[in-house]
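# here is my input, please return the structure:
(2 chains)
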Amino acid sequence: MNYFDLTAVKAAEAVNNKEISARHLIENILEHCIDLNKKLNTFTYIAGTEALEHADSVDQKINSGYSMPLAGVPIAIGDNIAYKEMPAGLGSGAFRDYKPPFSAAAVEKLIGAGAVVIGKTNTGDMGIALNKALSPAGPALNPWNINRISESAGAAALAVRQCMLILESDSEGALRQGAATCGVFGLRPTPGRISRYGLNICSGSFDQVGLAAAAVADVSLAFQAVVGYDERDILTSVSRESRVKSEPGKIPNEIKLAFSPESFDLIDPISAEKLSQFRERCSSHGFILVETPLKLLNNALKAFYVITYAETSSTFARFDGIRYGRAAEADNLEDLYYKTRRLTFGHEAQRRSVFGTYLLSKGNFEHYYQQALKVWSLVKQEFAETMSNCDFLVLPTVKSTALKESEDSDFLKLLDEDIFTAPVTMTGLPSLTLPAWRENNFPAGIQLIGHPFSDEMLINIADIIKAEIEYPVPGNSEGEAG
Amino acid sequence: MAVEIKAIENAIRVIKIEIDPVDQKRLHGELNRFLDWLESLEAVDTAGVEPIRFGHNVVNSLRDDQAAAGDLKEVRKAAPNFDDGFYMVPPIIE
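Just a heads-up that it's a prediction; the model follows:
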């Protein structure tokens, strides 16, 4: 059996049916993972005996007659999400020795469903998106082109089957963008569907735990395992079920897909042509297409960054060497604060702290922050109007395929890359990125955006579209590291 | 109008972070570029628009206020310095 062709669904089936043991599966995946990590740098920690012991306990349960939905499935977790068996480095040198005394709620649920954690994926400085904030471990690379940085290390790992599922955070859109440029499926759920307990928060309004996998059926399986109320996160929804009761028909001609003309103008010409072809294919398969204006995307992005910088500067204040983090050597209290934060924050975290503090200062608070909150209100209204006319909104995920190295140093250009993902984050709508076409042989994805609490429907419709339209194969041998 | 480097120095003093002069200069240049980038946001007509605080409508779901047993051994492992049931931290009153 070739383990690297297995989806999570097939792997769990094989383990439950005792066609393979969880230990054998994990041993093979770990070997593959270690080998590819030398080239891609997707993991900051790869498990050893602890994962094998856990796989053994899964095998014991199977042999005792239990069946588990994710039996033996190898999963990876972002390094800013807690798992008590492994370090949580938060992308900061100050946390390299930190091992949390608890696990994130979503991690607990996946393990309870039989999954085996094989490691922690590389995250940017303090958990900020990897392409914007280098971690002490350096960049994770896109396996389709190793000269390019992957926005999400986990998505890159999935593309070459270093694991079968990942849990990573998504704020401005790193998980969705990484999924798009690595050719896998990435879900940012409706806020409240997955507990954020155990996630190191930068921006309280926007950070969310998301999921990704190489197959949409795997996203569905994992989502079912992690969704639901958690008493340790007061913002999780009490209801485990989708709040949207009416299921769309399974036939495309009952489903309205909205496209925004502005999105064609905001992406590069090759991507615009591909998006146009994608829209035509959706039409020829019978989907009802509607056009919807989204005039505020540009200013939504700017409002997002004012708010996220402001919130981040506030939440990062807790890293003072007393309550959180490693204290620096210092002669007095004032010195302790200054030196601890220098030790803790890299360039991007410094920038967010300083800019956020400036934006919240007297005079600027009204001028920038309050204005951003008002624009946020307008953005929500605009998207609500759009969603009232369709079942799903289709937007690109990235402006073009993975960033070129030469573009990686310009921070404003990097912010601009989030023009389709950050505004969706502000709306609280669920968004699933799925592979849609290739550009110069690199995968490119689109976002399907659903109504609030319609996450299950979103996954279903992605499955229908997937069946209708040709996709690149993630991890295909054409990927340089594949 | 470009902001002066004093804006960076003030923010650094408020958040208490050590940043060397070369990086302060870099941040000063970046802040001015960032503020230029925000120009179109400032121009959005928001008259009569109420600012919002949350992007979603989830209402706080509170758990019962009951004490639960914790595992001090586990907590201790995560603390840099732990003694007699207490976290030992640097003095904060001088």
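
# how about the residue positioned nearest the centre of chain A, phi and psi?
Centroid-nearest residue in chain A: A:Leu175, 2.5 Å away (criterion: Cα atoms, centre = their mean). Note on A:Leu175: its backbone torsions stand at phi -60, psi -50 [degrees, to the nearest 10].

# show me which helix or strand of the chain is least confident by mean pLDDT.
Assuming you mean chain A. Here the helix or strand of chain A ranked lowest by mean pLDDT, DSSP states H and E is helix A:455-468, holding a mean of 81.

# my bad, the chain I had in mind was chain B
Going by mean pLDDT, DSSP H and E, chain B bottoms out at helix B:72-78, a mean of 79.

# list the contacts of that helix.
A:84, A:98-102, B:82, B:85 (Cβ atoms under 8 Å, 6 or more residues apart in numbering or on different chains). Where you see a C-beta, it was placed from the backbone N, CA and C, and this is true even at glycine.

# for stretch B:27-40, same thing?
Against stretch B:27-40 from outside (Cβ under 8 Å, 6+ apart): A:298-299, A:302, A:306, A:350-351, A:354-355, A:358, A:368, A:411-412, A:415, B:2-3, B:5, B:7-8, B:19.

# let's see it at 10 Å
A:298-299, A:301-303, A:305-306, A:309, A:347, A:350-351, A:354-355, A:358-359, A:364, A:367-368, A:371-372, A:410-412, A:415-416, B:1-9, B:11-12, B:19, B:42 (Cβ atoms under 10 Å, 6 or more residues apart in numbering or on different chains).

# which of the residues in it are buried?
Buried residues in stretch B:27-40, counted by 16 or more other Cβ atoms under 10 Å in any protein chain shown: B:27-28, B:30-32, B:34-35, B:37-38.

# what residue in the stretch 251-400 of chain A comes nearest to chain B?
Among the residues of the stretch 251-400 of chain A, A:Leu373 lies closest to chain B, at 3.3 Å counting by Cβ to the nearest Cβ.

# what about the nearest residue to that residue once chain neighbours are set aside, distance to A:Glu108?
Closest residue to A:Leu373 apart from its sequence neighbours, by Cβ to Cβ, 6 or more residues apart in numbering or on different chains: B:Pro51 at 3.3 Å. Taking Cβ to Cβ, to the nearest Å as the measure, B:Pro51 falls 36 Å from A:Glu108.

# out of those two, which sits in the busier spot?
More crowded of B:Pro51 and A:Glu108, by other Cβ atoms under 10 Å in any protein chain shown: A:Glu108, with 19 against 14.

# so what's the more buried one scoring on pLDDT?
As predicted, A:Glu108 sits at a pLDDT of 98.

# tell me how far the helix or strand that contains it is from the chain's mean position?
In this assignment (DSSP states H and E), A:Glu108 forms part of helix A:105-112. Relative to its chain's centre, helix A:105-112 lies at 17 Å (Cα atoms, centre = their mean, to the nearest Å).

# and the residue lying farthest from the centre of chain A, helix, strand or coil?
The C-alpha centroid of chain A is most remote from A:Asp331, which lies 41.2 Å away (Cα atoms, centre = their mean). Taking DSSP: H, G, I helix; E, B strand; the rest coil as the rule, one finds A:Asp331 in the coil state.

# thought it was touching B:Pro91?
No: the pair A:Asp331 / B:Pro91 is not scored as a contact, 12.0 Å apart, by Cβ atoms under 10 Å.
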